[in-house]
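Q: Test case, fold it:
(chains A, B, C and D)
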Protein chains: 2
Amino acid sequence: MEKTADAPTFDPACPMSAFPVQIGDKWTAMVVLCLEARPRRFSELRQLLGSVSAKVLTDTLRAMERDGLVSRSVFDENPPRVEYRLTALGRTLLQLVDAARSWARDNLDDLLSARRQHDDMPLPSPR
Amino acid sequence: MEKTADAPTFDPACPMSAFPVQIGDKWTAMVVLCLEARPRRFSELRQLLGSVSAKVLTDTLRAMERDGLVSRSVFDENPPRVEYRLTALGRTLLQLVDAARSWARDNLDDLLSARRQHDDMPLPSPR
DNA sequence: CTGTATCCCCTACGATACTG
DNA sequence: CAGTATCGTAGGGGATACAG
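A: Residues are numbered from 1 along each chain as shown, chains lettered A, B, ... in the order given. Okay, here's the model as predicted:
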């Protein structure tokens, strides 16, 4: 590696390096979407997400809380009620997650059909 | 779940569901960045990424190829030379990945300091 | 209702060694 | 140079059972 004009392509100290671990897991991005309109209860989130186990949703929410993305409010009622809401920092993710959703809407079909085509003929030519 | 006004928050059939598996892994997003300026050789990508093993980079590139995000060109030379480049579909990810990078630049400090603060006093108050 | 506590599986990731 | 082959580990994700 001797010259310039190449360099700026990728900065190894780029904050991106830390990014995927934040919303790259299975549920974080969708939790953000679920909390966009208003705070949600634990059980409400479970329903909206559809197939997540209590443990994993708890893990996800705890991690998001730790990172300052959501806040947790406990109401001392009976039965107990807990609400999760996006923090200001969490809200900053909305644009990004929405961009991801748009990308998926626009391009996922192409990606999946490329994948199907690739899987149909995996052999380049056996000779 | 009986009513409206809530509904549009989250569509369970949303293509987002399939999204994280694509760029949510550790290296895909950064490979996209590395290929932004021009095609790159295998070894070049390894250097740019810094710490990835040959196996994992191969796995990543094969998966991206399968999904139509990158194309692979073999030049019949000696020593062998292989170049990877973004496809048109792969290029559509650039905006998104760049948005992710921008988010990280703008907000990662906040996230990390929230995390530090959370980790310092994990006890809400033992009373 | 809102979680915790276990157990288990699978896969992403990585280190190392080797090949065309 | 550009991979493949193998092996090993950690932890994300899920099912189930139980608790405050």
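Q: Chain A: strands as residue ranges?
A: Remark: strands assigned in chain A by DSSP state E are A:40-41, A:70-75, A:81-86.
Q: A:Asp67 against B:Arg115, yeah?
A: Yes - counting by C-beta atoms under 8 Å, B:Arg115 is a contact partner of A:Asp67 at 5.4 Å. (Glycine included, C-beta is placed from N, CA and C.)
Q: looking at the strands of chain A, which is buried most?
A: Ranked by mean neighbour count under mean count of other C-beta atoms under 10 Å in any protein chain shown, the strands of chain A are led by strand A:40-41, which reaches a mean of 19.
Q: Is that strand positioned near DNA strand D?
A: No - judged by C-beta under 7 Å from any atom of the strand, strand A:40-41 stays clear of DNA strand D, getting no closer than 12.4 Å.
Q: which residues are contacting that strand?
A: Strand A:40-41 is contacted from outside by A:34, A:48, A:81-85, using C-beta atoms under 8 Å, 6 or more residues apart in numbering or on different chains.
Q: Can I get these in TSV including distance to A:Asp59?
A: Formatted as TSV, the contacts of strand A:40-41 follow (distance: C-beta to C-beta, whole Å):
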residue	distance to A:Asp59
A:Cys34	16
A:Leu48	17
A:Arg81	21
A:Val82	15
A:Glu83	18
A:Tyr84	13
A:Arg85	19
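Q: Keep only those of those that are also close to DNA strand D.
A: Answer for those near DNA strand D: none qualify (C-beta under 7 Å from any atom of the strand).
Q: which residues does the spatially closest residue to A:Val74 that is not a sequence neighbour contact?
A: Sequence neighbours aside, A:Val82 is the residue nearest to A:Val74 in space, at 5.3 Å (criterion: C-beta to C-beta, 6 or more residues apart in numbering or on different chains). A:Val82 makes contact with A:41-42, A:72-75, according to C-beta under 8 Å, 6+ apart.
Q: If anything else comes up later, I'll come back, but that's it for now.
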